[in-house]
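1. Here is a sequence together with a model predicted from it:
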Amino acid sequence: MTADEAAPPGVDISTPSIARVYDFMVGGKDHFAVDRMAAQRALEIMPDAQEAGRACRAFLRRVVRFLAADAGVRQFLDIGSGLPTETNVHQVAHAVDPEARVVYADIDPMVLVHGRALLAGDDTTALIEADIRSPEGILGHPVVRERLDFTQPVGLLLFSILHHLHDTEDPGAIAATLRDALPPGSYLAIIHFWDPGMSTPRRQ
């Protein structure tokens, strides 16, 4: 998108969006000038950020393919799913089993607009507006309860989301609440950035 293009209703293009900056990093097209500026600043600090973004997408594909093809998982909950891009969770899962069920959860208005347009007419996949900081709200959401069977294994995906939470929001407890709700045989996959800080400078 160019800077003079109109944003969908409810989308703020005066402030960078995590989802849109990430979309830029992985080679997507759904971002604005303010997001590209933020991405360029990030690249000044971490020059391999785009490579890291692509590696995250590749990991997503490997995880979902393994869970669907080798572990027999047929339902997925992807929290903080971000903007639709190449080979989304439902596409990878459906390549193994077209009946696999996927629920995406995100809070970004642009993600919701694009995701719902992409998934229109897909009875196996849904997108809900939800905030990971309210894990009970996600677990009890009517769409989650309708689409996912919590008596059967679930693939819970927390990709590049927990590191956006402040320590005061207790991301560990949030992840534990979600994990503890999973039935036996389920899997939890996490991508989490780590800043080693000055205490371990050689790992930076």
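-> Ah, there it is.

2. my read is V21 is in a helix, agree?
-> Yes: secondary structure of V21, determined by DSSP: H, G, I helix; E, B strand; the rest coil: located in a helix.

3. neighbours around it, how many?
-> When neighbours are counted by other Cβ atoms under 10 Å, V21 registers 21. Using the backbone N, CA and C atoms, a C-beta is placed for each residue, glycine as well.

4. A93 versus that one, what's the distance?
-> With the distance defined as Cβ to Cβ, to the nearest Å, V21 ends up 26 Å from A93.

5. which element is the residue nearest to H141 when sequence neighbours are not counted on?
-> Nearest residue to H141, sequence neighbours excluded (Cβ to Cβ, 6 or more residues apart in numbering): I128, at 5.5 Å. I128 belongs to strand 125-129 when assigned by DSSP states H and E.

6. which residues are contacting that strand?
-> By Cβ atoms under 8 Å, 6 or more residues apart in numbering, the residues outside strand 125-129 that reach it are 81, 90, 101-107, 111-112, 115-116, 119, 138, 141, 143-144, 147.

7. Give the pairing partners of it; include direction for each.
-> Partner strands for strand 125-129, per DSSP bridges, with pairing direction: strand 101-106 (parallel).

8. Could you give the separation of the partner strand from the chain centroid?
-> Distance of strand 101-106 from its chain centroid, counting by Cα atoms, centre = their mean, to the nearest Å, is 9 Å.

9. Then stretch 66-79?
-> Stretch 66-79 sits 15 Å away from the centroid of its parent chain (Cα atoms, centre = their mean).

10. Please identify the buried residues of stretch 177-195?
-> By neighbour count on 16 or more other Cβ atoms under 10 Å, the buried set for stretch 177-195 is L178, A181, L182, S186, Y187, A189, I191.

11. How much space separates the second one from K29?
-> This means A181. 35 Å.

12. Backbone torsions only: list them for the most centrally placed residue in the chain.
-> For the chain, the residue whose C-alpha lies nearest the mean C-alpha position (Cα atoms, centre = their mean) is S81; its distance is 2.3 Å. With angles defined as degrees, to the nearest 10, S81 shows backbone torsions of phi -70, psi -30.

13. which residue packs closest to it, ignoring adjacent ones?
-> Counting by Cβ to Cβ, 6+ apart, the nearest residue to S81 once its immediate chain neighbours are dropped is Y104, at 4.0 Å.

14. how deep is that neighbour tucked in, by neighbour count?
-> Per other Cβ under 10 Å, the neighbour tally for Y104 reads 27.

15. Mind pulling the model confidence for it?
-> The pLDDT attached to Y104 in the predicted structure is 95.

16. next one: A120
-> 78.

17. That one - how many residues pack around it?
-> Neighbouring residues of A120 were enumerated by other Cβ under 10 Å; the total is 7.

18. How much space separates it from A126?
-> The span separating A120 from A126 equals 11 Å under the rule Cβ to Cβ.

19. Render the CA-only coordinates of the top helix by length along the chain in CSV, please.
-> Determined from DSSP state H, the single longest helix within the chain is helix 49-69. Coordinates of the C-alpha atoms in helix 49-69 are reproduced here as CSV (Å, rounded to 0.1, in the frame of the first residue of the first chain):
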residue,chain,number,x,y,z
ALA,A,49,15.0,-8.7,11.3
GLN,A,50,13.6,-9.5,7.8
GLU,A,51,15.5,-12.7,7.7
ALA,A,52,14.1,-13.5,11.2
GLY,A,53,10.6,-12.7,10.0
ARG,A,54,10.9,-15.1,7.1
ALA,A,55,12.4,-17.8,9.5
CYS,A,56,9.3,-17.4,11.7
ARG,A,57,7.0,-18.0,8.8
ALA,A,58,9.0,-21.1,7.8
PHE,A,59,8.8,-22.4,11.4
LEU,A,60,5.0,-21.9,11.3
ARG,A,61,4.8,-24.0,8.2
ARG,A,62,6.9,-26.8,9.6
VAL,A,63,5.1,-26.9,12.9
VAL,A,64,1.6,-27.0,11.4
ARG,A,65,2.6,-29.6,8.8
PHE,A,66,4.1,-31.8,11.5
LEU,A,67,1.1,-31.5,13.8
ALA,A,68,-1.3,-32.2,11.0
ALA,A,69,0.6,-34.9,9.1
